[in-house]
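**Student:** Sharing a model prediction with you, sequence too.
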Amino acid sequence: MPLLDSSLYVWVLLPVMVFFARVADVTLGTMRIIFISRGKRNLAPLLGFVEVFIWITIVSQIVSNAHNLLAYLAYAAGFATGSYLGMYIENRIAFGMQLVMAFIHDHAEGLTQSLHEAGFGVTCVDGMGANGPVKLVYTIVFRRNLQSVLDIIHKTHPKAFLSIEDLRSTEAGIFPLVMPAQQKVLLGRKFK
């Protein structure tokens, strides 16, 4: 076929196809790995199916015909871009839950009250830190609500030591029914 042997195909079209096929493939793979680590057992296999389908049908065919440095660079750039894009999309989706631990050196009542008023469940326990007694304030939040919790903590205790961890699952708890206005739209769906 004349187009497949042309310079335009070899030096422009092929590297562009390699790049975008690899971006799609690796984006799905990155998201699949993140979903597996978060315990999303139903979604990860679906992404894996689409990822492998792209690899088998598109990427393998394109790469088998790629015999120039530009196509190899496009392959590497597509891999890097796909990794970044997968993490970016997953971060924007912000599903899952996180444990926020705030270590407070002075009174924690204002913080716990503010979090309760915002609808978040809070547990506060006494602890001993390097510089003396502390209050450990725990709350488990949906990732999409994390910034709201951090804003409350920073407002009441700007110098609090924070630790934030991803959770695979929870069995019970208190979670706000209303999200902040700027967070109500998630992937085109509106939450009430």
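**Tutor:** Done, it's in.

**Student:** any idea how far stretch 72-81 is from the chain center?
**Tutor:** 22 Å (Cα atoms, centre = their mean, to the nearest Å).

**Student:** Find the least confident helix or strand in the protein, judged by mean pLDDT.
**Tutor:** strand 185-186 (a mean of 36; mean pLDDT, DSSP states H and E).

**Student:** residues touching the nearest residue to residue 89 once chain neighbours are set aside, list them.
**Tutor:** Of all residues not flanking residue 89 in the chain, residue 31 sits nearest, at 6.3 Å (Cβ to Cβ, 6 or more residues apart in numbering). In short, each C-beta sits where N, CA and C put it, glycine included. Residue 31 is in contact with 47, 86, 89, 90, counting by Cβ atoms under 8 Å, 6 or more residues apart in numbering.

**Student:** so how many other residues sit close to the residue nearest to residue 68 when sequence neighbours are not counted?
**Tutor:** Among residues not flanking residue 68 along the chain, residue 10 sits closest, at 6.1 Å (Cβ to Cβ, 6+ apart). As a burial measure, residue 10 scores 17 neighbours (other Cβ atoms under 10 Å).

**Student:** likewise residue 23?
**Tutor:** 21.

**Student:** One more: residue 63?
**Tutor:** By other Cβ under 10 Å, neighbour count at residue 63 equals 19.

**Student:** Secondary structure element holding residue 153?
**Tutor:** Here residue 153 is covered by helix 146-156, with elements defined by DSSP states H and E.

**Student:** do residue 125 as well
**Tutor:** Per DSSP H and E: strand 123-129 holds residue 125.

**Student:** Please apply the same query to residue 139.
**Tutor:** If you go by DSSP H and E, residue 139 is part of strand 132-142.

**Student:** Could you do residue 29 as well?
**Tutor:** helix 14-37.

**Student:** Just list the residues touching the residue nearest to residue 32 when sequence neighbours are not counted, thanks.
**Tutor:** Leaving aside its sequence neighbours, residue 32 sits nearest to residue 47 (Cβ to Cβ, 6+ apart; 4.1 Å). Listed by Cβ under 8 Å, 6+ apart, the contact set of residue 47 reads 28, 29, 31, 32, 35.

**Student:** quick one: which of these is most hemmed in?
**Tutor:** Busiest of these [other Cβ under 10 Å] is residue 28, holding 24 neighbours.

**Student:** Quick check: nearest residue in space to that one, chain neighbours excluded?
**Tutor:** Distances taken as Cβ to Cβ, 6+ apart place residue 51 nearest to residue 28, at 4.0 Å, with adjacent residues excluded.

**Student:** what's the lowest-pLDDT member of the contacts of residue 31?
**Tutor:** On pLDDT alone, residue 90 ranks lowest of the contacts of residue 31, at 83.

**Student:** just to revisit the earlier point, paired strands for the strand holding residue 125, with orientation please.
**Tutor:** strand 132-142 (antiparallel) (DSSP bridges).
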